[in-house]
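> quick one, what's the 3D model for this:
(2 chains)
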There are 2 protein chains.
Amino acid sequence: MIESFHNPKVKLLIKLKDKKYIESNNLFIVEGQYLVHEALKNNYIKEIFLLDKEDNIYGDVTYVTIDILKKITNLTSPPKVIALCYILKEKEINGNVLMLDNIKDPGNLGTIIRSAVAFNYDTIIISKESVSLYNPKVIRATEGMLFNINIITNDLIPYINKLKKKDNYLIYGTDVKGGILPKSEPKIKHALIIGSEATGIDENLLKLCNKKLYINMNDKCESLNASISASILMYELNK
Amino acid sequence: MIESFHNPKVKLLIKLKDKKYIESNNLFIVEGQYLVHEALKNNYIKEIFLLDKEDNIYGDVTYVTIDILKKITNLTSPPKVIALCYILKEKEINGNVLMLDNIKDPGNLGTIIRSAVAFNYDTIIISKESVSLYNPKVIRATEGMLFNINIITNDLIPYINKLKKKDNYLIYGTDVKGGILPKSEPKIKHALIIGSEATGIDENLLKLCNKKLYINMNDKCESLNASISASILMYELNK
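Here you go, the predicted structure:
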């Protein structure tokens, strides 16, 4: 049972609240039973930290005090279990791709990752300007689904060009003022680009798209939330 | 130009951060140009408070200092305009209805309201246990769409019974384990019930449903975010 804030493991866990330590250590934290379970299933766990012996459904764990958990979490009520995880491995692209340009809201990013798994996407490419995948709010909103999909953080344009030219992907963009309704689109290998919450899809990306999709909506409503439009389009293209 | 925190108007604005004062005064605050614009279009404005003379596109306004705006807002960077609004009038139901049972996350509620306007719903009925419509995070997430739809906060069961028996509505529930895929549903007058984020739709409500809808998804994903499933179902039923 670790009780001291000076324990090196605890010191590392506290440091990992800061993005730069996540990058330099290649480690991040997930909190709560559901996320720890998904990390475990997908072999991303380095170490599990648990409060109560009674809750040990995991096997090899390290016990810590409630004060240590409170110090590590950003939540008002601390989780009973947290895990130190290896950062996600970027893999080869091997199916449909979702590309996210400049998504700033952590709830939106996490929710989009969850929907992308639901609708059978293989890979998500997140632009470097977007909110970090390892932001605790992003991780929570994924409901553990971040471990079930290939996620790459990089510039989008080189990937678009490669997928389009070398791998014959159809590139879909979105356009709130017109475009094609997605319901009659054939099921083909594609990449779908979703633009930022504030300004939509960037002109330089839009130029590279083969088709622009549009969701029909009431005139009173200018646009949908980015996670909603991303999810509806993924749902339609994979129905 | 109001500069004093002791000004009665300012005192009221500060009090309205608290839900009980919203209810006792029948007034609430919206922040930022977009929300003020939507409130104005729909005649919900009692008074507009503005920082800079240059930004006056509204006509009759009251000028306040940046310190007063900072004191009123919960945002880190205060908006340049806020408005004191009359609380929303509950109207007669006159079209398709969305019912929300025990939605706790303010971002979800706001996003669902925005989508309900987009997909032509007439009325939203929010259960009393749900997060308050006047929570500032709910209001922000609606992007002003709360002024464009009839919103009722009340118990759901009496409304379900009335709509079903007296007005001949079809009542849709959701069921993650089976049910009907929504894509082939005819366009008929209906109420769609969405359950809570944590526990899904309540048994007592599910019993009253005529049909249970299901969104097809990858086995790795247990469920979608509540605002995503609500939006996809509204999109499908109004396509």
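> can you map out the strands along chain A?
With DSSP state E, the ranges of strands along chain A come out as A:27-31, A:45-50, A:62-63, A:81-86, A:97-100, A:123-126, A:150-153, A:170-174, A:190-194, A:211-213.
> give the buried residues for the last one.
For strand A:211-213, the buried set under the neighbour-count rule, 16 or more other C-beta atoms under 10 Å in any protein chain shown, comprises A:212-213. The way it works is simple: take the backbone N, C-alpha and C, and place the C-beta from them, glycine included.
> ok, A:Asn42 touching A:Phe147?
Yes - at 4.0 Å, A:Asn42 and A:Phe147 qualify as touching, with contact defined as C-beta atoms under 8 Å.
> quick one: low-confidence parts of chain A?
In the prediction, chain A carries no residues with pLDDT under 70.
> got the domain boundaries for it?
Following automatic domain parsing, chain A resolves into domains at A:8-86, A:97-237.
> so the last one, near chain B or not?
Yes - looking at domain A:97-237 against chain B by C-beta under 8 Å from any C-beta of the partner chain, the contacts come from A:107, A:111, A:114-115, A:117-120, A:141, A:143, A:145, A:148, A:183, A:215-218, A:220-225, A:227-228, A:231-232, A:235.
> quote the end-to-end distance of that domain.
Length of domain A:97-237, first residue to last, C-alpha to C-alpha, to the nearest Å: 11 Å.
> my read: A:Arg140 touches A:Glu31, true?
Yes - A:Arg140 lies in contact with A:Glu31 (C-beta under 8 Å); the separation is 7.4 Å.
> give me the neighbour count for A:Met217.
20 (other C-beta atoms under 10 Å in any protein chain shown).
> show me what contacts it?
Applying C-beta atoms under 8 Å, 6 or more residues apart in numbering or on different chains to A:Met217 gives the contacts A:224, B:118-119.
> doesn't A:Ile215 make contact with A:Leu233?
Yes - between A:Leu233 and A:Ile215 a contact is recorded at 7.2 Å, counting by C-beta under 8 Å.
> anything in contact with each of the two?
Common neighbours of A:Leu233 and A:Ile215 (C-beta under 8 Å, 6+ apart) are A:Pro182.
> in contact with the closest residue to A:Ile201 other than its chain neighbours, which residues?
With C-beta to C-beta, 6 or more residues apart in numbering or on different chains as the criterion, A:Ile201 has its nearest non-adjacent residue at 3.1 Å, and that residue is A:Gly195. A:Gly195 makes contact with A:101-102, A:173-174, A:201-202, A:205, A:226, according to C-beta under 8 Å, 6+ apart.
> what's the closest of these to chain B?
Using C-beta to the nearest C-beta, A:Ala226 comes nearest to chain B of the contacts of A:Gly195, at 9.9 Å.
> that closest one: neighbour count?
A:Ala226, neighbours per other C-beta under 10 Å, totals 25.
> do the one 5 residues further on as well
The criterion is other C-beta under 10 Å. On that basis, A:Ser231 has 29 neighbouring residues.
> so it is in contact with B:Ile228, correct?
Yes - with contacts counted by C-beta under 8 Å, A:Ser231 reaches B:Ile228, the gap being 4.6 Å.
> from chain B, how far off is A:Lys162?
Distance of A:Lys162 to chain B, given as C-beta to the nearest C-beta, to the nearest Å: 26 Å.
> neighbours around that residue, how many?
Using other C-beta under 10 Å, the number of residues around A:Lys162 comes to 12.
> next one: A:Tyr169
Neighbours of A:Tyr169 under the rule other C-beta under 10 Å: 20.
> leaving out the residues flanking it, which one is nearest to it?
A:Leu163 (4.0 Å).
> A:Asn42 and A:Phe147 - which one has more neighbours?
Each of A:Asn42 and A:Phe147 has its neighbours counted (other C-beta under 10 Å); A:Phe147 has more, 22 against 15.
> now for that one: which residues touch it?
Contacts of A:Phe147 by C-beta under 8 Å, 6+ apart are A:38-39, A:41-42, A:44, A:88.
> please apply the same query to A:Leu233.
Counted by C-beta under 8 Å, 6+ apart, A:Leu233 has contacts A:172, A:174, A:182, A:192, A:194, A:213, A:215.
> out of these, who's nearest chain B?
A:Ile215 (7.2 Å).
> pretty sure the closest one contacts A:Ala226?
No - the criterion here is C-beta under 8 Å, and A:Ile215 misses it with A:Ala226 at 12.0 Å.
> residues near the closest residue to A:Asp52 other than its chain neighbours, how many?
Once flanking residues are discounted, A:Asp52 sits nearest to A:Lys80: 6.3 Å by C-beta to C-beta, 6+ apart. Using other C-beta under 10 Å, the number of residues around A:Lys80 comes to 17.
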